[in-house]
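# Just the structure for this:
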Amino acid sequence: MIPLTGRTTTSHWLHPRTDVWRVASTTGVELSNQAILLAPGAVPPRDAGLYLSPDQNTTGPGPTLHLPAQLLHLQPGDVIMISDDGTRVRVAWKAEAVHNSILLTERCDHYCLMCSQPPKDRDDRYLYERAKRIIDALPDVARALSLTGGEPTIDPNAFLALLHHIATRAPQLSTHVLSNGRRFNDRGFIERYASVPLADLMVGIPLYAAEPGLHDYIVQAPGAFNETVKGILNLGAIGAATEIRIVIQRSNVAELTELTTFIARNLPFVNQVALMGLEMTGLARPNADLVWIDPNDYRQELRESYYILSDAGIHTRIYNHQLCLTDRDLWPATVQSISDWKNDYPEICKPCKVKDRCSGIFTTSGTRLSPNLSPVLSN
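Numbering: from 1, shown residues only. This is a model prediction of the structure:
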């Protein structure tokens, strides 16, 4: 698990010219936008916009942040966000991380039973503009990005403007959008989306049941199923890369094979389907009786659903599942999908022979873990 936030102290503090900085160790072309990592005994450049100190005794020739111990993992290529007074730092981009995402909004037109980030109804349009500054600060080696919410398309103009910004400033990025898909039901929007000149752009859309009423119940939005499915069909019509995500939970596990059969028959053009384990945080905690189910209890449903999709020629992956709770013939389809900052392995996993291939657990799930976790002692 990698901590992404921390409290800092300051020296020579001035109001920062920006809230987003790329971490660097040497001078560069755009020193004003770089935060230089100070090394004890080394002579720092004098013209950087910000300095990052590993202790309280080392200070740069300009505004300096003294980092807490949990942020000493910062390295060149990382991107940070700082508060105006310099007392708070959040890591926006970790150069060595497998998964990096940018939050575009906390607003959403769903209120899913198991939402890991419950929506907030407030004006946060500034997040789209901050996302542009993060994109501008990314190192040239950045390759993959996820755009999340809330619902990223809740402000369609700001969302599309950001995609065009990425196409201009970082066209090499493989960009993945997590959306509920309902905006893509709008023909005008889908036409504008089709004009975005990004070569590697995919939208991941959750579909929780083949029965409209059950899907709408899970997302707490009447009519959502019809708009989501029409959105997926519209994406298929323009040849846009599309992923369907199924979060497996108590409320839909009995209908899982019915849903995967629906996808295989009606949406076979999608690029990928992800069968996903549940993160027990956010709204999932108060709704635990409605959503929590031990992954060991649906091994058969998971296996049948995987083969329904793969036999239909649909690329299928299994996310957020531990190998010890997954049938061995499904192991090649499992993905280490949990973001670095909330990923760990409990003590029981220490002797496991396949730990390096396993997703591990969500630290955000607390103690709500399968009691059937056990180390795999042979490959």
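# Quick check: end-to-end length of stretch 360-367?
Stretch 360-367 has its terminal residues 14 Å apart, counting by CA to CA, to the nearest Å.
# Residue 194: what's it in contact with?
Residue 194 is in contact with 238, 240, counting by CB atoms under 8 Å, 6 or more residues apart in numbering. Every residue, glycine included, has its C-beta placed from N, CA and C.
# What's the separation between it and residue 46?
49 Å (CB to CB, to the nearest Å).
# what's the answer for residue 325, then?
Separation of residue 325 from residue 46 (CB to CB) stands at 56 Å.
# Between those two, which has more neighbouring residues?
Neighbour count, other CB atoms under 10 Å: between residue 325 and residue 46, residue 325 has more, with 19 against 10.
# Identify the residues contacting the nearest residue to residue 352 once chain neighbours are set aside.
Once flanking residues are discounted, residue 352 sits nearest to residue 375: 3.8 Å by CB to CB, 6 or more residues apart in numbering. For residue 375, the contact set (CB under 8 Å, 6+ apart) comprises 324, 348-353, 355.
# just residue 136 next, same as before
Counting by CB under 8 Å, 6+ apart, residue 136 touches 20, 33, 169.
# The first one: what's its closest spatial neighbour, skipping adjacent residues?
Taking CB to CB, 6+ apart, and ignoring the residues beside it in sequence, residue 20 has residue 133 as its nearest neighbour in space, at 4.2 Å.
# what about that neighbour, neighbour count?
When neighbours are counted by other CB under 10 Å, residue 133 registers 17.
# thought it was touching residue 19?
Yes - using CB atoms under 8 Å as the test, residue 133 is close enough to residue 19 to be in contact (7.2 Å).
# List phi and psi for residue 343.
Dihedral pair for residue 343: phi -120, psi 140, per degrees, to the nearest 10.
# In space, what's closest to it - neighbours in sequence excluded?
Excluding its sequence neighbours, the residue lying closest to residue 343 (CB to CB, 6+ apart) is residue 360, at 5.2 Å.
# how many other residues sit next to the one you found?
Neighbour count for residue 360, taken as other CB under 10 Å: 20.
# ok, it - contacts?
Residues near residue 360 by CB under 8 Å, 6+ apart: 322, 336, 338, 343-345, 349.
# what about the residue nearest the centre of the chain, distance to residue 363?
The centroid of the chain falls nearest to residue 101 when counting by CA atoms, centre = their mean (4.8 Å). The spacing between residue 101 and residue 363, counted by CB to CB, is 16 Å.
# what's the answer for residue 40, then?
With CB to CB as the criterion, residue 40 and residue 363 are 32 Å apart.
# Between these two, which has more neighbouring residues?
A direct count of neighbours by other CB under 10 Å for residue 40 and residue 363 places residue 363 higher, at 15 against 9.
# for the more buried one, what are its contacts?
Applying CB under 8 Å, 6+ apart to residue 363 gives the contacts 1, 342-344.
# List the ones among these that fall in strands.
In strands, defined here by DSSP state E, the members of the contacts of residue 363 are 343-344.
# Please pick the buried ones from the contacts of residue 363.
The neighbour count (16 or more other CB atoms under 10 Å) marks 342-343 as buried among the contacts of residue 363.
# Show the end-to-end separation of stretch 188-200, please.
Separation of the first and last residues of stretch 188-200 by CA to CA is 22 Å.
# quick one on the thing from earlier: host element of the residue nearest to residue 20?
Take DSSP states H and E as the rule and residue 133 turns out to sit in helix 126-137.
# How about residue 254: what's its closest non-neighbour residue?
Residue 254's closest residue in space is residue 301 (CB to CB, 6+ apart), at 7.9 Å.
# Now stretch 44-58 - C-alpha only, PDB.
Extracted in PDB, the C-alpha atoms of stretch 44-58 (Å, rounded to 0.1, in the frame of the first residue of the first chain):
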ATOM      1  CA  PRO A  44      20.200  22.600  -5.600                       C
ATOM      2  CA  PRO A  45      19.400  24.700  -8.600                       C
ATOM      3  CA  ARG A  46      18.300  28.200  -7.600                       C
ATOM      4  CA  ASP A  47      15.600  28.800 -10.200                       C
ATOM      5  CA  ALA A  48      13.100  26.000  -9.400                       C
ATOM      6  CA  GLY A  49       9.500  27.000  -8.500                       C
ATOM      7  CA  LEU A  50       9.300  24.500  -5.500                       C
ATOM      8  CA  TYR A  51      11.700  22.400  -3.400                       C
ATOM      9  CA  LEU A  52      10.900  19.100  -1.600                       C
ATOM     10  CA  SER A  53      12.900  18.300   1.400                       C
ATOM     11  CA  PRO A  54      13.200  14.800   3.000                       C
ATOM     12  CA  ASP A  55      13.800  16.300   6.500                       C
ATOM     13  CA  GLN A  56      13.300  19.400   8.600                       C
ATOM     14  CA  ASN A  57      17.000  20.500   8.300                       C
ATOM     15  CA  THR A  58      17.400  20.700   4.500                       C
END
